[in-house]
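# Sequence first, predicted coordinates after that:
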Amino acid sequence: MANVFKGRSLNVIEDFSINERRYLFRKVMELKKAIVCNDEETMSGFRVDDPDFGIYEVFLEDSTRTKESFRNAAKFHHAKVSELMCSSSSINKGESFADTFNMLSGYSNRIFIVRSKVEGLTKWLSEECGEYAVRNALPYKPAFINAGDGKHEHPTQELLDEFTFLEDQDMDFSHIHLALVGDLYHGRTVHSKADGLKVFDSVKVDLIAPEELMMPESYIEIMKENGFEVRIFPSIAEYLASGDVAKMWYFTRPQLERMGERILQKQDILRDAITFKEQFLPLIAPGTKFYHPLPRHKEHPTIPTFLDKTELNGWERQAINGMYVRMVLLSLIAGKVGSDYEGCAEDVKDYRSEEYIISVKPQDNVRKEKNYSEGVRPIENGIVIDHICKGDSPSEIRNHMRLISSVLNLDESKGGEWVSRGSDGKYKGIIFRPGDYELSRKDLKRLAAVAPHCTLNIVRNSKVESKFRTHMPPRIYNFSDLSCKNEACISNPCNGEGVPAVFFRTQDDKYRCAYCGKVHSFKEIWNKRG
Ligand code: NCD
């Protein structure tokens, strides 16, 4: 059977389906047992055992556990293990990430493990280096593993966290009740949990953090969409007073290096709310376990060191599990294990099949369309865009019409824009432009992307010659005047990497950046004009 894992990249936890992750966890269980019992035969079934198989670590941000557990996992495979000396690489001479990684791909490196402040970097590199591999007839397409990208995701930490929770509940996938405590705003390990915890059939998450460190609303939304029960508490003390307390607690450290001045000034008060104290001990149930992705601060640990020798300590085994999980992940991506996986590859959504520009039958005469005669002389030749932003306020509609006009490059010196109120009391915008407009398919796509739910009338000789209705496109891409508004994103122009922006429509009709996951409204994705 074909191995569905071979050559895959892991940029975000959702890149592996729930069934694929469950399969991985069972394999980790198997390998961990084999290593503990020194069962060489089972171990060799996981080993890549190829001195030319290149596994390359590139850590552009500090790391101890992730980097070293990956390095040790890679060495288990008897593979070629290398590390880029980032502080002395040509990245510091202004070389793009694409050029750096393309070149490394050519040196027989098949798996890259990358940590960076730049969000979405590995997704971009997997696309870019895939094309490089084809151009240069390399016998493989390199795979990328995101070892933490800014505040975005940390999918391999998520895998090892989930594995440890599962180990502690005898591989029972049916339910988890987990408290997330600490810096939920900046911590990428907890952001990965919004999709990661879907491996459990039912999920209850308690978020414990003062407002300044609370989980961003966008991740809370994802958790709710995923059917999780979510509760919010400002401090551990208030959580314990609630009476319904999880037996699994996941702590994260305050990420001082990512905080702005305003929050840093309050760090002592904020830390106090998320630090476990001795007087809390009688309030927690027997069998409770604490976890932490680590590191913890030597002077201000949120899990104090006096707890190390107690039954609460789940974080030490969690860190050790990191190596086993990463060994198996490398085995899967190398194609050494995984051919007995029985689930099929996930269905890939075909975006081409969704029609969002619908041609409708025109009314016979433009003069009969009463909206077009409101305050203007009917046009003989030109375009009329109607039903713009129906329901918004007049000033919002006016701003939006300005955006449409500039995105479509409509001649501002002719025609006009109107806001009118329908019989239902709702406002809507109308743009009139006389002239000989020839709109291409690409222009229509731009119109749908900047003015969904509107009607475009193309008028010739006072007749509506053709008429289209626009809907929200399933993805918006391939226009040079789009950009993701997250400055940490690889596709944001301030990073200078020339990555074209790509957005996918969300369940609630917003647009999510394909690289960093930031959610925008369809109006926000266009570059500022004029
Ligand atoms: C985490 C990280 O880098 O995101 N650490 C880790 O990978 N073990 C958490 C942290 O830095 O606080």
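Cool, the structure landed. Numbering: from 1, shown residues only.
# buried stuff in stretch 173-191?
173, 176-191 (16 or more other Cβ atoms under 10 Å). All C-beta spots, glycine's among them, are computed from the backbone N, C-alpha and C.
# now stretch 467-482
Neighbour counts over stretch 467-482 (16+ other Cβ under 10 Å) mark Lys467, Phe468, Arg469, Thr470, His471, Met472, Pro473, Pro474, Arg475, Ile476, Phe479, Leu482 as buried.
# and which of those residues is nearest Glu412?
Phe479 (20.1 Å; Cβ to Cβ).
# Quick one: residues contacting that closest one.
Phe479 sits next to Arg446, Ala449 when contact means Cβ atoms under 8 Å, 6 or more residues apart in numbering.
# right, and the secondary structure at the closest residue to the ligand within the stretch 201-350 of the chain would be what?
The ligand sits closest to Pro293 of the stretch 201-350 of the chain, with a gap of 4.0 Å, by Cβ to the nearest ligand atom. Following DSSP: H, G, I helix; E, B strand; the rest coil, we place Pro293 in the coil state.
# Any idea how many residues pack against it?
For Pro293, the neighbour count with other Cβ atoms under 10 Å is 26.
# any idea how far it is from Asp170?
23 Å (Cβ to Cβ, to the nearest Å).
# go on, Ile55?
32 Å.
# So between those two, which is more surrounded?
Ile55 (26 against 6).
# Relative to the whole chain's centre, how far out is stretch 382-393?
33 Å (Cα atoms, centre = their mean, to the nearest Å).
# Around the ligand, pick out the residues from the stretch 251-400 of the chain.
Residues of the stretch 251-400 of the chain that fall close to the ligand, judged by Cβ under 6 Å from any ligand atom: Thr252, Arg253, Gln255, Pro293, Leu294.
# Residues of this structure that sit close to the ligand?
Counting by Cβ under 6 Å from any ligand atom, the chain sits next to the ligand at Arg65, Thr66, Gly148, His154, Gln157, Arg188, Thr189, Thr252, Arg253, Gln255, Pro293, Leu294.
# run the last query once more with 5 Å
Arg65, Thr66, Gly148, His154, Arg188, Arg253, Pro293 (Cβ under 5 Å from any ligand atom).
# Now do the SS call for the closest residue to the second one other than its chain neighbours.
The one in question is Thr66. The shortest distance from Thr66 to any non-neighbouring residue, by Cβ to Cβ, 6 or more residues apart in numbering, is to Ala147 (5.0 Å). Here Ala147 is recorded as strand under three-state DSSP.
# Any idea how many residues pack against Ala147?
Ala147 - counted by other Cβ under 10 Å - has 27 other residues nearby.
# show me what contacts it?
Glu57, Phe59, Ser63, Thr66, Lys67, Phe70, Ile113, Val114, Arg115, His154, Thr156 are the contacts of Ala147 under Cβ under 8 Å, 6+ apart.
# switch to 7 Å and redo it
By Cβ atoms under 7 Å, 6 or more residues apart in numbering, the residues touching Ala147 are Thr66, Phe70, Ile113, Val114, Arg115, Thr156.
# Give me the pLDDT for it.
For Ala147, the pLDDT comes out at 98.
# Please report the distance of it from Ala133.
The value you get for Ala147 to Ala133, if Cβ to Cβ is used, is 21 Å.
# Do I have it right that the residue of the stretch 201-350 of the chain closest to the ligand meets Thr252?
Yes. Counting by Cβ atoms under 7 Å, Thr252 is a contact partner of Pro293 at 6.5 Å.
# who touches both of those two?
Thr189.
# count of residues packed around the closest residue to Gly517 other than its chain neighbours?
Spatially, and ignoring its direct neighbours in sequence, Gly517 is nearest to His152 (6.2 Å; Cβ to Cβ, 6+ apart). His152 has 26 neighbours, counted by other Cβ under 10 Å.
# so what pLDDT did His152 get?
98.
# For the stretch 351-500 of the chain, just list every one of the strands.
All strands of the stretch 351-500 of the chain, identified by DSSP state E, counting those that start in this stretch, fall at 357-360, 382-388, 416-421, 427-434, 455-460, 463-470, 475-477.
# Could you dump those into a markdown table and include mean pLDDT?
As requested, these are exported to a markdown table (pLDDT from 0 to 100):
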| stretch | mean pLDDT |
| --- | --- |
| strand 357-360 | 92 |
| strand 382-388 | 93 |
| strand 416-421 | 90 |
| strand 427-434 | 93 |
| strand 455-460 | 94 |
| strand 463-470 | 93 |
| strand 475-477 | 97 |
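# Tell me which of these lies nearest to Pro286.
Closest to Pro286 of the strands of the stretch 351-500 of the chain, according to Cβ to Cβ: strand 475-477, at 50.6 Å.
# So which elements touch that closest one?
strand 502-505 (3 or more Cβ pairs under 7 Å, 6 or more residues apart in numbering; DSSP states H and E).
# Restricting to C-alpha, output the strand it packs on in PDB.
Extracted in PDB, the C-alpha atoms of strand 502-505 (Å, rounded to 0.1, in the frame of the first residue of the first chain):
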ATOM      1  CA  VAL A 502      -3.300  33.600  -0.400                       C
ATOM      2  CA  PHE A 503      -6.500  33.600   1.600                       C
ATOM      3  CA  PHE A 504      -9.100  30.900   2.200                       C
ATOM      4  CA  ARG A 505     -12.700  31.600   3.200                       C
END
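# Quick check: what element follows that strand along the chain?
strand 511-513 (DSSP states H and E).
# what's that next one packed up against?
Using 3+ Cβ pairs under 7 Å, 6+ apart, strand 511-513 sits against strand 502-505.
# in its sheet, what does the strand it packs on sit against?
Next to strand 502-505 in the sheet, as set by DSSP bridges, lie strand 475-477 (antiparallel), strand 511-513 (antiparallel).
# Any chance you could list what contacts the last one?
So the one you mean is strand 511-513. Contacts for strand 511-513 (Cβ under 7 Å, 6+ apart): 476, 484, 486, 489, 491, 501, 503-506, 519-520, 522, 525.
# one more time with 6 Å
For strand 511-513, contacts defined as Cβ atoms under 6 Å, 6 or more residues apart in numbering pick out Cys484, Cys489, Phe503, Phe504, Thr506, Val519, His520, Phe522, Ile525.
# burial of the spatially closest residue to Val499 that is not a sequence neighbour, as a residue count?
Leaving out its chain neighbours, the residue that sits closest to Val499 by Cβ to Cβ, 6+ apart is Ser491, at 4.1 Å. Per other Cβ under 10 Å, the neighbour tally for Ser491 reads 26.
# now Ser491: how far from the ligand?
According to Cβ to the nearest ligand atom, to the nearest Å, Ser491 and the ligand sit 22 Å apart.
# Make 22 the starting number, not 1.
Yep, numbering from 22; the last one is Ser512 now.
# can you list the contacts of Ala168 in TSV and add neighbour count, secondary structure and pLDDT?
Output for those, formatted as TSV (neighbours: other Cβ atoms under 10 Å; DSSP: H, G, I helix; E, B strand; the rest coil; pLDDT from 0 to 100):
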residue	neighbour count	secondary structure	pLDDT
Thr87	26	helix	98
Phe91	28	helix	98
Ile134	29	strand	98
Val135	25	strand	98
Arg136	24	strand	98
Thr177	24	helix	98
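# from those, which is closest to Gly437?
Ranked by distance to Gly437 (Cβ to Cβ), the contacts of Ala168 are led by Val135 at 51.9 Å.
# quick revisit: adding distance to Leu146 as columns, could you present the strands paired with strand 523-526 in a markdown table?
Below are the strands paired with strand 523-526 laid out as a markdown table (distance: least, Cβ to Cβ, whole Å):
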| stretch | distance to Leu146 |
| --- | --- |
| strand 496-498 | 18 |
| strand 532-534 | 16 |
